[in-house]
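In: Model the following, please.
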Amino acid sequence: MIKSLLTFVFIFLSTLTFSQSYKLGEFEDNDISLTEVPYEPDAPAVILVSQGNSRFLSGMLETSHYVRLKVLSDAGKEYADVRIRYYAGDQNMEDILAVKAQTTNFVNGKAEIVKVSKEGIFEVDLDNGYKELRISFPNVQVGSIIEYQYKKTDKNLTFIDGWTFQNKLPTLYSKYGISMIPSLEYKMLGQGQNYTTAVEKTIDNDNYGWILRDIRSLKEEPYMKNYRDYVDRIDFQLARYEMRGDYGPKWEYVLNTWEVLGDEVISMYSQKGFYRNNPIEKEFLDVDLKGETQLETAQNAYYYLRNNFRVEGEDWIYPKQNLNQLLKSKVGSPAELMLALMGVLKSEGITCEPVLIGSKGYGRSDIVPFPFLNQFDEILLLAELDGNQQFLDLSQSDAPFGYVDLDKHVTTGLYLQDDQSKLVPIDIQHNSNSTYFGQVEMNKEGQLVMANSHRSYRYKGLGLAKQIEGIQKRNESLEKLFDEEEGVIFENFKVDNYLEEKDVLMVNFEMKFPETEGQDMILFSPLKFSSFAENPFTQEYRMFPVDFGYAFSETFNTVVTIPEGYELEDYPLEAGYTIDGEYVVFIYTPSIIENDLKIAAKFIVRMPLIPASEYENLKYFMESVASKLSEPVILKRKTSL
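Out: I've put the predicted structure just below:
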């Protein structure tokens with residue numbers, strides 16, 4: 001009896017909550033009195049309410065939006081300029097109307113309302129069919145509440161916008177509701193930690209509602225750039241619709257299997273001419289790319305397209321140009337160039353097909369087991385070369401053959417093949433480590449000199465090569481690669497780029513310490529070049545996982561030859577650290593052999609994605625590593641007897 005009563009009360013309360021509607025100028029006492037967000041006291045502003053309600057109207061979806069925001073500090077005034085981006089295209093696919101906005105200030109407890117004028121609400125045309133609604137609020141002060149509401153219409157009923165609960169500001173209350181109609185059936189997909197654990201959901205016939213409360217803001221965190229993969233949101237895709245048949249109503253399914261979805265995309269690529277079987281390179285490019293092996297042929301084709309075509313435009317799964325247009329212009333998007341590469345390889349008898357992926361940061365890097373097309377945003381190629389599978393990517397104009405943009409290092413993709421499209425695992429193996437060799441000696445002038453040889457492999461090397469290229473273009477010294485350090489001279493740089501041949505970039509140079517000349521006591525750090533010589537994790541709270549991007553290691557080997565007339569006063573002791581799960585490991589091993597102090601150290605990231613629940617342990621671990629790397633070697637001049 002008690003259990004039934006509690007269930008009834010819960011349902012009743014939920015119904016009351018979702019029936020609540022907010023209107024311009026109708027504030028609660030808490031809205032007026034709020035001066036800071038309890039769980040985020042440094043927030044410059046706060047979203048008090050973010051609410052959306054969608055309904056279907058004669059071939060389109062109409063969503064009513066309402067936002068109430070309070071400015072908490074001077075820095076929060078920047079949020080009084082609101083921008084809302086939407087896609088109009090050539091046929092007004094999306095439109096915004098019925099915009100109202102106002103600023104409310106409270107003077108001696110009385111509300112003073114200033115409505116936004118027509119001049120303060122305007123549209124701006126952006127590129128590629130996009131527009132932006134802009135609202136500029138007047139008389140905004142600390143303590144002001146700004147509100148705006150509008151309706152957005154969308155003619156695309158296959159994929160509807162859904163709702164994002166989390167914002168750049170902390171959000172106290174975010175609510176979304178949608179009224180479905182019997183003739184359209186949608187699949188719904190939710191994501192995010194808060195959504196999974198704390199969403200309040202109601203279903204009343206065909207009316208659905210979701211609420212999240214007290215959501216933290218989206219803040220930049222070290223080693224995390226793929227925020228959209230973890231943001232609290234819901235998406236919808238049409239699964240089937242009812243239509244009239246010869247014998248009454250019947251259901252038509254939409255993209256309901258991977259095979260159907262794949263055939264739909266292949267058909268679109270075929271219409272653009274990218275599935276030709278004729279020898280593209282001989283007929284259109286006037287070049288023979290044939291190699292002695294399939295691998296050599298693929299390499300020839302890759303480098304020809306990379307070096308003779310310009311990559312320009314957004315990395316996306318939909319090509320705008322057809323193949324002939326691309327071959328004439330020699331300028332194309334990453335997808336267009338990769339599909340052209342596929343055509344070249346196919347015409348040489350090489351098995352090669354596109355793989356759709358949801359890149360990191362797009363929102364669906366972990367593919368869900370239902371054919372949602374909008375979870376894919378980029379393309380890879382999967383080729384079979386001399387019996388081995390090879391993923392190919394042409395989106396980086398400076399990357400060697402076989403390199404795949406790090407944002408595309410995801411776990412799963414949709415392999416496109418006529419009538420046989422399917423999900424396939426993506427496991428791109430690479431050795432992207434760094435090794436640092438150092439030899440410390442004293443020169444004839446009595447100055448300490450450290451000779452260095454750095455080897456950076458694969459993606460580490462490519463990243464460093466880009467840094468070096470930028471420095472050289474600015475006609476600056478390569479010492480810009482390192483933090484400035486008083487009393488240290490960098491010289492004799494030599495760079496050898498073997499990324500295309502051996503997957504390694506080598507940088508050799510010397511460091512001179514002139515101030516050590518004639519000193520009785522010499523202190524220096526033997527391991528100076530780790531990415532983690534300073535702890536990057538200083539925030540008290542972590543919302544998102546730590547993402548190092550990929551597994552890697554940094555290996556250090558430094559030999560200190562004790563100068564004549566000096567003795568070893570002190571040096572760092574042996575140490576080893578890790579955390580639960582051994583996501584990361586650090587080992588530090590010194591040894592003395594005759595007149596040499598040898599220091600070996602290794603920092604290893606074994607599992608690159610570390611959950612936020614391990615943040616405190618990781619923070620302490622990294623602080624210990626940074627402290628160890630900064631410990632000095634101390635040399636002392638021998639005293640005469």
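In: so where's the stretch 301-450 of the chain shaky on pLDDT?
Out: Regions of the stretch 301-450 of the chain meeting the criterion pLDDT under 70 cover residues 364-365.
In: what about the helices in it?
Out: 323-329, 334-347 (DSSP state H, counting those that start in this stretch).
In: All the helices of this protein, residue numbers only.
Out: With DSSP state H as the criterion, the chain has helices at 2-19, 29-33, 193-198, 258-271, 280-283, 294-308, 323-329, 334-347, 458-473, 499-502, 615-630.
In: Buried deepest among these, which one?
Out: Of all these, helix 334-347 has the most neighbours on average by mean count of other CB atoms under 10 Å, namely a mean of 25. In this view, the C-beta of every residue, glycine as well, is placed from N, C-alpha and C.
In: ok, how many other residues are close to the closest residue in space to residue 619 that isn't next to it in sequence?
Out: Distances taken as CB to CB, 6 or more residues apart in numbering place residue 537 nearest to residue 619, at 4.5 Å, with adjacent residues excluded. Using other CB atoms under 10 Å, residue 537 is surrounded by 19 other residues.
In: What ranges does the stretch 301-450 of the chain have for its strands?
Out: 310-311, 331-332, 352-357, 378-385, 388-392, 412-415, 422-425, 434-442, 448-457 (DSSP state E, counting those that start in this stretch).
In: Sheet partners, orientation included, of the fourth one?
Out: Partners of strand 378-385 in the sheet, by DSSP bridges, are strand 352-357 (antiparallel), strand 388-392 (antiparallel).
In: CSV for the ones you listed, including mean neighbour count and distance to residue 591?
Out: Output for those, formatted as CSV (neighbours: other CB atoms under 10 Å; distance: least, CB to CB, whole Å):
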stretch, mean neighbour count, distance to residue 591
strand 352-357, 23, 47
strand 388-392, 16, 42
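In: And for the residue nearest to residue 555 when sequence neighbours are not counted, the neighbour number?
Out: Nearest residue to residue 555, sequence neighbours excluded (CB to CB, 6+ apart): residue 435, at 4.6 Å. By other CB under 10 Å, 18 other residues sit near residue 435.
In: Could you tell me which residues make contact with residue 435?
Out: 454, 455, 554, 555, 556, 557 (CB atoms under 8 Å, 6 or more residues apart in numbering).
In: what about 10 Å?
Out: For residue 435, the contact set (CB atoms under 10 Å, 6 or more residues apart in numbering) comprises 453-457, 460, 504, 506, 553-557, 602.
In: Determine which two of the residues you listed are furthest apart.
Out: Distance extremes for the contacts of residue 435: the farthest pair is 506 and 602 at 19.6 Å, using CB to CB.
In: Sketch out the low-pLDDT regions of the chain for me.
Out: Where the chain drops to pLDDT under 70, the residues are 1-20, 277, 281-283, 364-365, 640-641.
In: Roughly how far does the residue nearest to the spatial centre of it sit from residue 171?
Out: Residue closest to the mean C-alpha point of the chain, counted by CA atoms, centre = their mean, is residue 226 at 2.7 Å. Per CB to CB, to the nearest Å, residue 226 is found 21 Å from residue 171.
In: likewise residue 487?
Out: Counting by CB to CB, the gap from residue 487 to residue 171 is 50 Å.
In: In terms of neighbours, single out the busier of the two.
Out: Using other CB under 10 Å as the criterion, residue 487 and residue 171 rank with residue 171 on top: 25 against 10.
In: surely the more buried one meets residue 212?
Out: Yes. Using CB atoms under 10 Å, residue 171 is in contact with residue 212, at 7.7 Å.
In: any shared contact partners between the two?
Out: Listed as contacting both residue 171 and residue 212 by CB under 10 Å, 6+ apart are 50, 165, 232.
In: From these, which land in strands?
Out: Counting by DSSP state E, the shared contacts of residue 171 and residue 212 place residue 50 in strands.
In: Just put the shared contacts of residue 171 and residue 212 in a markdown table and tack on distance to residue 526 and neighbour count.
Out: Output for the shared contacts of residue 171 and residue 212, formatted as a markdown table (distance: CB to CB, whole Å; neighbours: other CB atoms under 10 Å):
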| residue | distance to residue 526 | neighbour count |
| --- | --- | --- |
| 50 | 53 | 25 |
| 165 | 50 | 24 |
| 232 | 46 | 24 |
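In: Let's see if you can find the most crowded of the contacts of residue 435.
Out: Going by other CB under 10 Å, residue 460 tops these with 25 neighbours.
In: So that one sits against residue 504, correct?
Out: Yes. The pair residue 460 / residue 504 is scored as a contact, 9.4 Å apart, by CB under 10 Å.
In: Quickly list what's touching both of the two.
Out: By CB under 10 Å, 6+ apart, the residues touching both residue 460 and residue 504 are 431, 433, 435.
In: Could you give the bridge partners of the residue lying closest to the second one once chain neighbours are set aside?
Out: To tie it back to what came earlier, the one meant is residue 433. Leaving out its chain neighbours, the residue that sits closest to residue 433 by CB to CB, 6+ apart is residue 553, at 4.7 Å. Here residue 553 sits in beta bridges with residue 604, going by DSSP bridges.
In: which ones are touching residue 263?
Out: So residue 263 contacts 255, 257, 270, 416, 417, 418, 419, 420, 421 (CB under 10 Å, 6+ apart).
In: likewise residue 230?
Out: If a contact means CB under 10 Å, 6+ apart, then residue 230 has 166, 191-194, 218, 224, 361, 363, 365, 543-545, 547, 612 as its contacts.
In: From residue 221, how far out is it?
Out: Separation of residue 230 from residue 221 (CB to CB): 11 Å.
In: Next: residue 636.
Out: Counting by CB to CB, the gap from residue 636 to residue 221 is 44 Å.
In: between those two, which one's more packed in?
Out: Per other CB under 10 Å, whichever of residue 636 and residue 221 has more neighbours is residue 221, with 20 against 14.
In: thought that one was touching residue 546?
Out: Yes. If you go by CB under 10 Å, residue 221 and residue 546 touch, sitting 7.9 Å apart.
In: so what's in contact with those two at the same time?
Out: Common contact partners of residue 221 and residue 546 (CB under 10 Å, 6+ apart): 536, 537, 612, 615.
In: got a list of what the third one touches?
Out: The neighbours of residue 612, taking CB under 10 Å, 6+ apart as the test, are 193, 221, 224, 230, 541, 542, 543, 544, 545, 546, 618.
In: distance of it from residue 500?
Out: 39 Å.
In: would you list the strands of the stretch 301-450 of the chain in JSON lines and tack on distance to residue 626?
Out: What follows is the strands of the stretch 301-450 of the chain, written out as JSON lines (distance: least, CB to CB, whole Å):
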{"stretch": "strand 310-311", "distance to residue 626": "38"}
{"stretch": "strand 331-332", "distance to residue 626": "45"}
{"stretch": "strand 352-357", "distance to residue 626": "35"}
{"stretch": "strand 378-385", "distance to residue 626": "36"}
{"stretch": "strand 388-392", "distance to residue 626": "36"}
{"stretch": "strand 412-415", "distance to residue 626": "36"}
{"stretch": "strand 422-425", "distance to residue 626": "36"}
{"stretch": "strand 434-442", "distance to residue 626": "16"}
{"stretch": "strand 448-457", "distance to residue 626": "20"}
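In: if you skip the residues just before and after it, what's nearest to residue 543?
Out: residue 216 (5.7 Å).
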